[in-house]
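Colleague: Structural data only, the sequence is not supplied:
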């Protein structure tokens, strides 16, 4: 297992998690960035480990509630050769399943861009275009098992796993992390499925420190429930 951290304060506490089979190291990225670094970090880790059967992607803000969840994902992936990946169900703290729609609550988004070429003194006049927001049209990396294939690794190498968009006058689209991978794998006749197993995922709350205390309290409550105490 490889645990990567974006220069969090208190990294030394994470180092205490390092035991046999677990490597803890900085991702090389800071907490101060203009774009989401998730896809870059995961892509680099995948390319660094070419000789594995599959890649298990986990966000740090997930909580397992059922034994043998990972082995269950592996069994589901092995049972269906038409899958490139299996994703755990996204559970809320109360056990409710959250399934993002392919398009977000804002199905169309306008983007304004301005460009300054290297060495130029000024920015270009800004221009706008519209994209269809396909944020939910993907296998989500919060808890996903990806089969290691040539197609997957070449996609990671050539396109990466970051969010990306197609700029077009009429058919522009935007995808979140692993979204482009999902589309490319579909061209190979491969898809993904939601597992029968689920994990609690505190989506998006990691971005705001005001939720730190609430997250810690929810974590302790869930762990106590899981341990039956």
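Modeller: Received it, and whenever you're ready, just let me know what you need. What you see is a predicted model; the values in this text were computed from it and never measured.

Colleague: which residue of this structure sits farthest from its center?
Modeller: Here the chain reaches farthest from its C-alpha mean at residue 121, the gap being 36.8 Å by Cα atoms, centre = their mean.

Colleague: Give the other helices and strands that the biggest helix by length in the chain contacts.
Modeller: In terms of residue count, the longest helix belonging to the chain (DSSP state H) is helix 212-227. For helix 212-227, the elements it packs on are strand 62-64, judged by 3 or more Cβ pairs under 8 Å, 6 or more residues apart in numbering; DSSP states H and E. Using the backbone N, CA and C atoms, a C-beta is placed for each residue, glycine as well.

Colleague: and the strand it packs on, which strands flank it?
Modeller: When sheet partners are counted by DSSP bridges, strand 62-64 sits next to strand 191-201 (antiparallel).

Colleague: now the strand it pairs with against helix 212-227, angle please.
Modeller: Here the directions of strand 191-201 and helix 212-227 differ by 100 degrees (axes from the mean of the first three to the mean of the last three Cα atoms, to 10 degrees).

Colleague: any idea of the pLDDT on residue 65?
Modeller: The predicted local distance difference test score for residue 65 is 86.

Colleague: Look at the spatially closest residue to it that is not a sequence neighbour and report its pLDDT.
Modeller: Nearest in space to residue 65, with sequence neighbours left out and distances taken as Cβ to Cβ, 6 or more residues apart in numbering, is residue 226 at 5.6 Å. Here, the pLDDT recorded for residue 226 equals 72.

Colleague: Please report the number of neighbouring residues for residue 20.
Modeller: The criterion is other Cβ atoms under 10 Å. On that basis, residue 20 has 4 neighbouring residues.

Colleague: likewise residue 102?
Modeller: Using other Cβ under 10 Å, residue 102 has 14 other residues around it.

Colleague: is it true that it touches residue 132?
Modeller: No: using Cβ atoms under 8 Å as the test, residue 102 is too far from residue 132 to be in contact (9.4 Å).

Colleague: Now do the contacts for the residue nearest to residue 65.
Modeller: Under the criterion of Cβ atoms under 8 Å, 6 or more residues apart in numbering, the neighbours of residue 226 are 63-65.
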